[in-house]
Each structure stands twice: as structure tokens, then as C-alpha cells.
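A.B. asks: no sequence on this one, just coordinates:
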């Protein structure tokens with residue numbers, strides 16, 4: 001292996017060791033969140049003893065944990081005191097309005113990680129080791145946790161999606177939010193258009209989370225719940241817009257086309273279908289965040305994948321949509337894909 005100046009660079013197994021020890025970083029961040037380390041650091045003074053008292057933990061444990069976080073750029077260490085980086089102050093300190101620490105409970109859910117312990121078997125069979133259809137088995141309680149814990153990560157995406165869907169449109173409109181989860185995407189449309197009525201479709205326990213979020217947003221009088229499976233319930237259209245946020249990636253292409261055909265039939269002529277997806281480039285290895293999402297789908301579903309824009313466009317076309325376009329969300333790994341009936 002040659003360096004830029006033509007000199008042979010020595011081989012280094014560092015990347016191999018880094019990947020083999022990758023679970024330490026996940027465990028350390030999860031432990032720091034569970035122990036409330038980031039609040040303690042933010043409140044100061046940042047020495048080991050004060051952080052340990054706040055977290056009700058040993059000083060030895062806190063020192064090693066905080067050093068580990070500093071090594072990996074999550075905290076800063078100066079003269080034996082720890083302080084926030086801009087990232088940890090914004091996204092990990094519970095005092096921040098932009099804190100997303102709650103997502104650790106869902107992302108680190110043992111049910112989501114169990115298949116990774118058997119990844120060789122998953123690769124051999126091409127499907128998850130979880131029972132049935134994996135994470136999308138009917139009434140899976142993990143989606144209640146998703147609705148409750150992942151809202152901080154999804155909230156910044158709701159505004160851009162609503163803007164793309166509405167395109168400045170005002171006046172009476174009906175919106176169907178499929179796999180509504182926390183409900184934030186439909187709720188944001190209702191906030192931006194005071195005459196929009198939103199129907200959230202998901203499993204009944206999940207919709208209770210969405211309804212509570214609609215109440216907090218002051219739009220509960222324009223929010224209707226439609227419990228059940230997107231493949232089975234009557235959508236009761238026609239709608240001006242249908243949202244399919246973080247849904248298609250759980251299924252194979254024929255299943256995606258099937259649900260898109262059902263969406264198309266439920267839309268008014270000219271109505272919009274908007275998906276929110278992790279969309280890698282055509283090479284499937286870039287950008288890293290949406291490209292690596294395919295591994296999550298391999299481990300947790302029977303047939304899911306991270307689809308490229310050309311693949312999603314083909315699905316839309318086969319379902320009868322036209323004027324299909326992708327709208328990458330700045331500073332996000334996700335893309336809004338729209339099509340019109």
C-alpha cells in the first residue's frame with residue numbers, strides 16, 4: 001500500500017480492531033445516557049467526584065467512562081475536568097431542546113440487537129433470525145417504544161416533509177399518515193395548514209402515542225385514528241396527500257408496489273404520495289449513513305432493504321404514479337420521494 005508520496009505505507013490492523021471493538025462505543029454511550037452523565041457534565045463543575053455523586057456511581061467507573069467518551073470525541077477533557085463538545089451539549093444533554101438521547105432506548109433495544117449476534121446465519125439465509133417477518137410482525141411492541149422514544153430524531157424532518165407535501169397549499173385537505181408512529185409528520189402538516197385533517201394509520205397502541213402528540217400540538221380535533229395494518233384496512237379515501245414515512249424499507253419490491261398501488265387508488269387525481277427513506281447512491285456504498293441502513297434491514301426484517309432512488313422511482317411508476325422526484329433533506333441521511341396520482 002503506497003502513501004501519497006509513493007512511499008510504501010506499513011500495514012496497520014487498526015481498522016480491524018476498531019470494528020471488532022465497536023460494541024464498546026455503543027455500550028459506553030448508552031451507559032452514559034442511562035447514568036445521566038451528560039446532564040452532570042453540563043451542570044458542572046465537571047470533575048470526577050461531582051459527576052460520580054450526581055450519577056450515583058463509582059469514581060473509578062466515571063473516570064474510565066468519561067475518558068473513553070473523550071477519546072472518541074463525545075466529551076472534552078481539560079485539566080482533569082470534563083466538558084461538553086458542541087455535539088454533546090446539543091444532542092445529549094437533557095437540558096437541551098434538541099436532545100435526542102431518548103433514541104438510545106429504541107436503537108439499543110435487545111430485540112433489535114439480538115439478530116446481530118447471529119449475523120453469519122442471517123447472511124446465509126438472507127433474512128432475520130427474528131420470528132416471522134421480524135420487526136414488522138403484527139402488533140410488535142417495539143413500535144410503541146419507537147413512537148415514544150424516536151420522536152426527537154424525527155421532529156427536525158417533519159418541517160421539511162410538510163413543506164414538500166404542501167408546496168404552499170392551503171385550504172381544506174385530507175391527509176393519510178401510514179405507519180404514523182409518533183404522528184409528527186401528519187401533525188406538522190396540520191400545524192402548517194389549519195384546514196388540513198389528518199388520519200393516522202398504525203397499530204392501536206401506537207396511535208395512542210400519536211394522539212397524545214396531536215393533543216400537545218393543539219390539533220387533536222383534526223386528527224383521526226385508523227387502527228390496523230396498511231395492507232388490510234380500508235383507507236377510506238380520497239385523500240389529497242398520503243405519507244409513507246420510514247415504511248417501504250421494511251419490505252421487498254413486490255410488497256412495496258402493492259401498498260403503493262393501494263395508496264394511488266386512495267388519492268384524488270393529482271394527489272401526492274410522499275415517502276421518507278434512507279436512500280443510498282446507486283453504488284450502494286455512499287453516503288455512509290443511508291448505505292449502512294441496509295444492514296439494519298438485513299438483520300431485522302425478512303425482505304427489507306435500503307432502496308436507491310432509481311428503485312423507488314420504478315416502484316412508484318409500476319404503481320401508476322408520475323412526476324416522481326427525490327428531495328434530500330439537508331443535514332440528514334434521509335430523502336423525501338414524491339409522486340403524483
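C.D. replies: Right, received. Where do you want to start? Just so it is clear, the structure is predicted and the values come from calculations on it, not from any experiment.
A.B. asks: tell me what the strand ranked longest in the chain is packed against?
C.D. replies: In the chain, taking DSSP state E as the definition, the longest strand is strand 267-278. With contacts taken as 3 or more C-beta pairs under 8 Å, 6 or more residues apart in numbering; DSSP states H and E, strand 267-278 sits against helix 151-166, strand 239-245, helix 253-266, helix 288-300, helix 309-318, strand 334-340. To be clear about C-beta, it is placed using only N, CA and C from the backbone, and glycine gets the same treatment.
A.B. asks: And for the last one, what's in contact with it?
C.D. replies: Read it as strand 334-340. By C-beta atoms under 8 Å, 6 or more residues apart in numbering, the residues outside strand 334-340 that reach it are 157, 160-161, 164-165, 270-279, 290, 309, 312-313, 316, 319, 321-329.
A.B. asks: Next one: residue 67 from residue 45, what distance?
C.D. replies: According to C-beta to C-beta, to the nearest Å, residue 67 and residue 45 sit 17 Å apart.
A.B. asks: circling back to that earlier point, quick one, which of the helices and strands packed on strand 267-278 gets closest to residue 29.
C.D. replies: When the helices and strands packed on strand 267-278 are compared by C-beta to C-beta, helix 151-166 sits nearest residue 29, at 14.5 Å.
A.B. asks: tilt between the closest one and strand 267-278?
C.D. replies: 140 degrees (axes from the mean of the first three to the mean of the last three C-alpha atoms, to 10 degrees).
A.B. asks: tell me which strands and helices the helix or strand that contains residue 18 is in contact with?
C.D. replies: Following DSSP states H and E, one finds residue 18 within helix 14-20. When contacts are defined as 3+ C-beta pairs under 8 Å, 6+ apart, helix 14-20 packs onto no helix or strand at all.
A.B. asks: Can you give the distance of that helix from its chain's centre?
C.D. replies: On the basis of C-alpha atoms, centre = their mean, to the nearest Å, helix 14-20 is displaced by 26 Å from the centre of the chain it belongs to.
A.B. asks: List the contacts of the following helix or strand past that helix.
C.D. replies: Next in sequence after helix 14-20, counting helices and strands by DSSP H and E, comes helix 22-35. Outside of helix 22-35, the residues within contact range by C-beta under 8 Å, 6+ apart are 37-38, 55-57, 65-66, 68-69, 72, 74, 92, 101, 104, 108.
A.B. asks: farthest-separated two in the residues you listed?
C.D. replies: Comparing every pair within the contacts of helix 22-35 by C-beta to C-beta identifies 56 and 72 as the most remote, at 23.9 Å.
A.B. asks: which one of the two has more residues nearby?
C.D. replies: residue 72 (12 against 8; other C-beta atoms under 10 Å).
A.B. asks: Low-confidence ranges, the protein, go.
C.D. replies: Regions of the chain meeting the criterion pLDDT under 70 cover residues 1-6.
A.B. asks: coming back round to it: make a markdown table out of the helices and strands packed on strand 267-278 and add mean neighbour count and distance to residue 25.
C.D. replies: Formatted as a markdown table, these follow (neighbours: other C-beta atoms under 10 Å; distance: least, C-beta to C-beta, whole Å):
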| stretch | mean neighbour count | distance to residue 25 |
| --- | --- | --- |
| helix 151-166 | 19 | 18 |
| strand 239-245 | 25 | 28 |
| helix 253-266 | 19 | 33 |
| helix 288-300 | 18 | 15 |
| helix 309-318 | 18 | 31 |
| strand 334-340 | 21 | 23 |
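A.B. asks: With respect to residue 182, which of those lies nearest?
C.D. replies: helix 151-166 (4.4 Å).
A.B. asks: Just the buried residues of stretch 229-240, please?
C.D. replies: Of the residues in stretch 229-240, 230, 235, 237, 239-240 count as buried by neighbour count, 16 or more other C-beta atoms under 10 Å.
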